[in-house]
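Asker: What follows is a predicted protein model with its sequence.
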Amino acid sequence: MTKGKTSYKFNIGIYSLFIKRKDCYEGKEKIIRNVEKAVQKYRFAVQVLFALLCIWIGVEFTVFVKSLEAGNPEMVSSRPAGVEGFLPISALMSVYYFFATGEIHPAHPAGFFIFLAIVGVSLVVGKSFCSWLCPIGFLSETIGDFGEKIWHKLFKKRIKLPRFIDYPLRSLKYLLLGFFVYAIFFSMTINALKAFLDGPYNLVADIKMYYFFANISRFSLTVIAVLFVLSIFIRNFWCRYLCPYGALLGLISFLSPLKIKREAKSCIDCGLCAKACPSFIKVDKVDTVRSDECSMCLSCVDACPVADTLYVQTKVTDKKISKKIVVLAVITTYIAITGIGILTGHWKNNISGKEYIILHEQIDNLGHPTSTADIEKLNKETETGVNK
Ligand code: SF4
Ligand code: SF4
C-alpha cells in the first residue's frame, strides 16, 4: 500500500466517520483502535458521591443550627466539620496564618485541610477538583449538558461566546481572586488576621452562610436565577467566568506534572476530542493541552478513537499514565490530605455547644470588614492592642 492520506470508514459507537490517515504503521496503512475503557462513568459516580456527601453535610448542619435555635446547651447537635469546606476565604486566611506562624488556627481546622486537599489535588492532577469533586462544578456541568442538548436540537451546534467577549469575561475570576489575595495577604497585618480568625464573625461564618441561604433575599435569589439561566445558554458560566476558586486552581494546575498530550503522527484529525471538551479547548490542534480551563475531565481522551494518540503523560518521565491511575490520584490525594487533618486531631474545632449558643444569640450583630478603611482600622486596633 502507498503511504499518504487515505480515507477509511470507521464505526465508532454511534459515529460513522470518514477519516484521513497521515501515516503508516510498519509500512501498512493501519489504525489501531483505542480500546482503553472510558472513565466518564467513574467520574460521574465520584461527582454523585461527593454531591451526596455535601447534601448530607447540609442536612446535618441544618439540624445543628436548629438545635442552636432551641437554645438548650445540653441538646446541641453535632456540627459536621465538613461544612468548613464552604468557607474558602476563612480557609485562605488560615493558610496564610499557618505560613506566618506555623500554627493551624483552631476555629476551622477542617476548612484548612479541605483547602489544602483541593490545592493538593490540583498540584497533582491539574484542575481536576472542578470536574471530579466540586458539587458546583457538577451542577454547572449538568445544566450545561441540558443546555447543549437544546442548542444541538435547535442549531445543530454548541454555543460559544466569541473570543472578544470570552477572554475579557474569563479575566473576571482572576480579578476576584486578585481582590481576595490583596485583601488577605497584602492589606492585613498578622495581628489583624489573627484577630479576625479568633473573632466571633469567623467562628459563626458557617451559620451566617446557612442563614444567607435559608432567608435568601430577593436580590440574591435573582442573581442565582440569572446565573442558572446563563449556564443553560453559556456552558459553565459561573465556573468559566466568575469562580475565584477555579481561577486559583487553574493557576496551580500549571505546576501539575500531568498533562494531556496529542500524538500528531497518529492523529487522524477527526476533531472528536475538541468536540468533547466542555471547556472548548482545541485539543485537536495542540501537542500538549496547556490551559487554565482544562479541568482534567478526560472527556477528550475518552473520545479519541485511535490508540495512544491522546493520553495523559507525566512531564517528569514523559511516560503515558493510564486513565485509571489519574482517577485514583484524584481520589487518594483528596482523601489522604483530609485524612491527615482527621488523624492528627485537626478536624473538629473545640467550640462547645454552650459557646455556640451564646454566639448564635449575637449573630445578627456580627459583621466583618467590608472596605479597605475597615481593614486599616482593624490593623490599627490590633497594633495598639485594642482588639487583642
Ligand atoms: S482538554 Fe480534555 S481534559 Fe481538559 S477540559 Fe477539555 S476535555 Fe477535559
Ligand atoms: S487526538 Fe483528537 S483529532 Fe486526533 S484522533 Fe484523537 S480525537 Fe481525533
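Answerer: Perfect, thanks for sending it. Residues are numbered from 1 along each chain as shown. Ligands and ions are numbered 1, 2, ... in the order given.
Asker: if you look at stretch 267-279, does any of it touch ligand 2?
Answerer: Yes: using Cβ under 6 Å from any ligand atom, stretch 267-279 comes into contact with ligand 2 via 267-273. Glycine gets a C-beta too; all of them are placed from N, C-alpha and C.
Asker: Adding distance to ligand 1 and neighbour count as columns, could you present these in a markdown table?
Answerer: Formatted as a markdown table, those follow (distance: Cβ to the nearest ligand atom, whole Å; neighbours: other Cβ atoms under 10 Å):
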| residue | distance to ligand 1 | neighbour count |
| --- | --- | --- |
| Cys267 | 14 | 22 |
| Ile268 | 17 | 21 |
| Asp269 | 16 | 13 |
| Cys270 | 15 | 21 |
| Gly271 | 13 | 16 |
| Leu272 | 11 | 23 |
| Cys273 | 7 | 26 |
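Asker: would you list those residues in JSON lines and tack on pLDDT?
Answerer: As requested, the residues of stretch 267-279 next to ligand 2 are exported to JSON lines (pLDDT from 0 to 100):
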{"residue": "Cys267", "pLDDT": "96"}
{"residue": "Ile268", "pLDDT": "95"}
{"residue": "Asp269", "pLDDT": "95"}
{"residue": "Cys270", "pLDDT": "95"}
{"residue": "Gly271", "pLDDT": "96"}
{"residue": "Leu272", "pLDDT": "97"}
{"residue": "Cys273", "pLDDT": "97"}
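Asker: possible to save those residues as CSV with secondary structure?
Answerer: Converted to CSV, the residues of stretch 267-279 next to ligand 2 look like this (DSSP: H, G, I helix; E, B strand; the rest coil):
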residue, secondary structure
Cys267, coil
Ile268, coil
Asp269, coil
Cys270, coil
Gly271, coil
Leu272, helix
Cys273, helix
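Asker: quick one: which of these is nearest Ile375?
Answerer: Among these, Cys273 lies closest to Ile375 (Cβ to Cβ), at 46.3 Å.
Asker: and the closest one, what does it touch?
Answerer: 262, 283-284, 300-301, 303-304, 310 (Cβ atoms under 8 Å, 6 or more residues apart in numbering).
Asker: one more time with 7 Å, if that's ok
Answerer: 283-284, 300, 303-304, 310 (Cβ atoms under 7 Å, 6 or more residues apart in numbering).
Asker: again, but for Leu242
Answerer: So Leu242 contacts 172-173, 176 (Cβ under 7 Å, 6+ apart).
Asker: Tell me how far it lies from Asn236.
Answerer: To Asn236, Leu242 is 10 Å away according to Cβ to Cβ, to the nearest Å.
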